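In: coordinates only, no sequence provided:
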């Protein structure tokens, strides 16, 4: 078993740059907390905060993009949502946050606003079924 393979067995993942059906986006929006709510931080976040120069506290933004949604395969319950928000005061950097069911921020990192997902692994995500149907390569 390769690194991360167990993750694909337990979870179904969608990424906005690959395929994110509308019903997944709607479910993610219902999963996320209301704007301006102060978010709890996980121990993992606290452990990487200084090294990544992350803020000591965060609130749910009102301006964000849903980037990645993770669903538990056995129950089809939403498990985790990754959002990307423009960081105030700069046109160059976004903050990417990963939130779990209790609205806890489990991870976060800075990302260049013009990032084009060069390290994105499509094999980790659900592919657009329409693309697969017409892909004759």
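Out: Arrived safely, thanks for sending. Predicted, not measured: the structure shown is a model, and the values here were computed from it. Numbers count the residues shown, from 1 in each chain.
In: and the helices in this protein?
Out: Counting by DSSP state H, the chain has these helices, from start to end: 5-10, 22-31, 43-52, 129-134.
In: closest one to residue 68 among these?
Out: Nearest to residue 68 among the helices of the chain is helix 22-31 (9.3 Å), distances taken as C-beta to C-beta. All C-beta spots, glycine's among them, are computed from the backbone N, C-alpha and C.
In: just the mean pLDDT for that closest one, thanks.
Out: Along helix 22-31, the predicted confidence averages to a pLDDT of 96.
In: contacting residues around that helix?
Out: The set of residues external to helix 22-31 that reach it, using C-beta atoms under 8 Å, 6 or more residues apart in numbering, is 14, 66, 69, 71, 78, 81, 101.
In: and for the residue lying closest to the last one once chain neighbours are set aside, the neighbour number?
Out: Across the structure, with C-beta to C-beta, 6 or more residues apart in numbering as the measure, the residue nearest residue 101 apart from its sequence neighbours is residue 79 (6.9 Å). When counting by other C-beta atoms under 10 Å, one arrives at 17 neighbours for residue 79.
In: what residue lies at the spatial centre of the protein?
Out: Among the residues of the chain, the smallest C-alpha distance to the mean C-alpha position (C-alpha atoms, centre = their mean) belongs to residue 82, namely 1.7 Å.
In: beta-bridge partners for it, please?
Out: Per DSSP bridges, the residues bridged to residue 82 are residue 68, residue 98.
In: check what pLDDT it gets.
Out: With respect to pLDDT, residue 82 scores 98.
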